[in-house]
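Student: could you look at this predicted model? Sequence included:
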Amino acid sequence: MFKVLFLKKEADEGSRGIVHELCSRNFDCEQIAPDEDLNVEIINRAPDLIILDIEVSSLAPSIIHMIKELSRERPIPILALISKELLKGGEIPRMVGDFATKPCETEEIVVRTEKILKETYTVESKDLIRCGNLLIDLSRREATIEGRSLPLTFKEYELLRFLAANRGRAFTREALLNKIWGYDYYGGERTVDVHIRRLRFFSLS
């Protein structure tokens, strides 16, 4: 299940309708206000997509820049909702992956959400898995970020491949141990944490 985070200062009938519709389409969607601790909220909630309702144009660039900084570790595409007046400036549309002009229908937002997620997290063929700027070649057992090959061990590759192929799903440490290391593995769950930290290191280096 993909996680969608809707950023809007105050909930109204329209935003509640969008959240309700996305949840009914099997998305994990919630709305929060873009407050001072927004970066912490995004890190803790780990969304796969952020819908940003741009109400104050002067605040939007800093919020978008902050999201892009967090995207260095994992892709977080942005769908901006923007008024026709703010659209004339042209700056904000260039900063985000996609946008919808307010007032917009709920169905348009759902369609754009599905499109962005499909483009960002997609299985390209039986031999390729793409997740943002990460590409996994199953036939060659190779993972690259922006064309740079990652020096992964066998288990690191298997863990990365499994998580990328099941993007949007949550797994316990025990489930990952059983899936990647096998039921007869007697090491502790800390093994999973160590491998995930190494994968994060490769994505940032």
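Tutor: Yep, that arrived.

Student: since we're on Thr172, how many residues are nearby?
Tutor: 10 (other C-beta atoms under 10 Å). Where C-beta positions appear, they are placed from N, C-alpha and C, glycine not excepted.

Student: which strands and helices lie in contact with the strand or helix carrying Ile43?
Tutor: For Ile43, the element it lies in under DSSP states H and E is helix 38-45. Other elements packing on helix 38-45 under the criterion 3 or more C-beta pairs under 8 Å, 6 or more residues apart in numbering; DSSP states H and E are strand 3-7, strand 28-32, helix 60-70.

Student: in that helix, what's buried?
Tutor: Leu38, Ile42 (16 or more other C-beta atoms under 10 Å).

Student: how far does it sit from its chain's centre?
Tutor: Relative to the mean C-alpha coordinate of its chain, helix 38-45 is positioned 12 Å out (C-alpha atoms, centre = their mean, to the nearest Å).

Student: ok, and what's touching it?
Tutor: Residues lying outside helix 38-45 but in contact with it, judged by C-beta atoms under 8 Å, 6 or more residues apart in numbering, are Lys3, Leu5, Leu7, Glu30, Ile32, Asp35, Ile50, Ile63, Met66, Ile67, Leu70, Ile76.

Student: quick one, it and helix 60-70 angle?
Tutor: Here helix 38-45 runs at 40 degrees with respect to helix 60-70, directions being taken by axes from the mean of the first three to the mean of the last three C-alpha atoms, to 10 degrees.

Student: could you give the mean pLDDT of helix 38-45?
Tutor: Helix 38-45 shows a mean pLDDT of 87 in the predicted model.

Student: for stretch 22-31, same thing?
Tutor: Model confidence over stretch 22-31 averages 91 on the pLDDT scale.

Student: check stretch 68-77 too.
Tutor: Averaging the model's pLDDT scores along stretch 68-77 yields 80.

Student: start and end of it, how far apart?
Tutor: Using C-alpha to C-alpha, to the nearest Å, the gap from the first to the last residue of stretch 68-77 comes to 8 Å.

Student: shift numbering so it begins at 28
Tutor: Understood, numbering begins at 28; the last thing we discussed is stretch 95-104.

Student: residues of it that come out buried?
Tutor: When neighbours are counted by 16+ other C-beta under 10 Å, the buried residues of stretch 95-104 are found to be Leu97, Ser98, Pro102, Ile103, Pro104.

Student: kindly report the same for stretch 52-61.
Tutor: For stretch 52-61, the buried set under the neighbour-count rule, 16+ other C-beta under 10 Å, comprises Phe54, Asp55, Cys56, Gln58, Pro61.

Student: what's the weakest-modelled helix or strand in this structure?
Tutor: Among the secondary structure pieces of the chain, namely its helices and strands, strand 148-152 has the lowest mean (mean pLDDT, DSSP states H and E), a mean of 62.
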